[in-house]
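Peer 1: No letters, just coordinates:
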C-alpha cells in the first residue's frame, strides 16, 4: 500500500464535524498516514491544536491567512509568536502557516498583506520552522520577498499554479511545491504542462480539504481520502507509477518537516 502525506488540510473546519473520526479511519485504510492541519486565524488555532493532539498522524501549523485580513489585529502577530514559543519543539507542531499573499481578491490591502507576510516569515526563521504559503496571483512579490528574507527552513508553496520559471525560483529558495486537485482537471492545460516537467524532488501532495476538489470527485466536499486518486492522476500526467510519486512526495514532505 502507498504511504501518503497530505501536506495541506483544513480538517478542523465544520465541514468535517459530522464524520471526522470515520473519515480519518478511511484515510488510514487508504494509506494516508499523516495529515497537516493549518490554522488560518487566531480564533481557530486552539481548535486545530486540540484536534491534532486527539488523533495520531495529525500535525499542526499556525498562521494568519491573507483572506482573513480584516479579522487579523496587530496584536495577533505577537500572539502567534507566543503560541509558537509555547509549543516550540513539540513533535506535533510542524510549520508556520497558512499565510502569504493574495492578489486575486482586489479588496485585500496589499500593503497590510505584505507587512503580515514579512512578520510571519520572520517568525518561521526565528523558530526554525517551514513556511506554508498561500500565493495567488502574487508570485513575483512572493519570490522577491523570499529572496530578501531567506527563511531558514524553506517551506511549501501551497496549490502551486505558477510557471515553470517561477517553480525553479521557489526550488532554488528551498521550497517544495504543493500539488492537489487543480492539475487533475483536463482544462488546466498550462498547469498540467508545468507539473509534467517538475523534478520529483520538488513535489509534495495535498488536498486543501474541504476545498479544491479533484476532477474525479467534482462538486463535493474535498477530503484527504481523495489523495490516492490525486496521486494516481498526477503520476499518469508525469508518466510514472502512482507508487513512485507517492514515495517521492512523502519522502520530500518528511524531509521538509524533519520527520523520520
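Peer 2: The structure has been received and is ready for your questions. Values in this document were obtained by computation on a predicted structure and should not be read as measured data.
Peer 1: tell me the helices in the stretch 151-260 of the chain, going along the chain?
Peer 2: 164-172, 189-197, 227-238, 242-257 (DSSP state H, counting those that start in this stretch).
Peer 1: could you give the angle of the third one to helix 242-257?
Peer 2: Put simply, helix 227-238 runs at 110 degrees to helix 242-257, going by axes from the mean of the first three to the mean of the last three C-alpha atoms, to 10 degrees.
Peer 1: Just to be sure, residue 97 is in a strand?
Peer 2: Yes: per DSSP: H, G, I helix; E, B strand; the rest coil, residue 97 lies within a strand segment.
Peer 1: going forward, begin numbering at 2 instead of 1
Peer 2: Okay, using 2 as the starting number, the last item reads as residue 98.
Peer 1: What about it, how many residues nearby?
Peer 2: When neighbours are defined as other C-beta atoms under 10 Å, residue 98 has 29 of them. For the C-beta atoms, the positions are set from N, CA and C on the backbone; glycine is no exception.
Peer 1: So which of the helices of the stretch 152-261 of the chain is nearest residue 19?
Peer 2: Minimum separation from residue 19 across these (C-beta to C-beta) falls at helix 228-239, 20.4 Å.
Peer 1: How about the closest one, which residues are buried there?
Peer 2: By 16 or more other C-beta atoms under 10 Å, the buried positions in helix 228-239 come out as 228-236, 238-239.
Peer 1: Tabulate those residues (CSV), appending distance to residue 112 and pLDDT.
Peer 2: CSV is the format used below for these (distance: C-beta to C-beta, whole Å; pLDDT from 0 to 100):
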residue, distance to residue 112, pLDDT
228, 37, 98
229, 42, 98
230, 41, 98
231, 36, 98
232, 39, 98
233, 43, 98
234, 39, 98
235, 36, 98
236, 42, 98
238, 38, 97
239, 39, 97
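Peer 1: want to throw the helices of the stretch 152-261 of the chain into CSV with distance to residue 213?
Peer 2: Listed next are the helices of the stretch 152-261 of the chain as CSV, based on distance: least, C-beta to C-beta, whole Å:
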stretch, distance to residue 213
helix 165-173, 19
helix 190-198, 12
helix 228-239, 10
helix 243-258, 17
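Peer 1: out of those helices, which comes closest to residue 18?
Peer 2: Residue 18 sits nearest to helix 228-239 of all these, at 20.7 Å, using C-beta to C-beta.
Peer 1: who touches the closest one?
Peer 2: Contacts with helix 228-239, where a contact means C-beta atoms under 8 Å, 6 or more residues apart in numbering, come from 3, 5, 7, 28, 31-33, 180-182, 184-185, 193, 196-197, 204, 206-208, 215-218, 242-243, 245-247, 250.
Peer 1: Give me the buried entries from those residues.
Peer 2: Neighbour counting with 16+ other C-beta under 10 Å marks 3, 5, 7, 28, 31, 33, 180-182, 184-185, 193, 196, 204, 206-208, 215-216, 218, 243, 246-247, 250 as buried within the contacts of helix 228-239.
Peer 1: Take those residues and keep only those in strands.
Peer 2: Assigned to strands by DSSP state E, the following of these qualify: 5, 7, 33, 180, 204, 206.
Peer 1: gap between the fifth one and residue 125?
Peer 2: When C-beta to C-beta, to the nearest Å is applied, the distance between residue 204 and residue 125 equals 21 Å.
Peer 1: now swap in the first one and tell me
Peer 2: Separation of residue 5 from residue 125 (C-beta to C-beta) stands at 25 Å.
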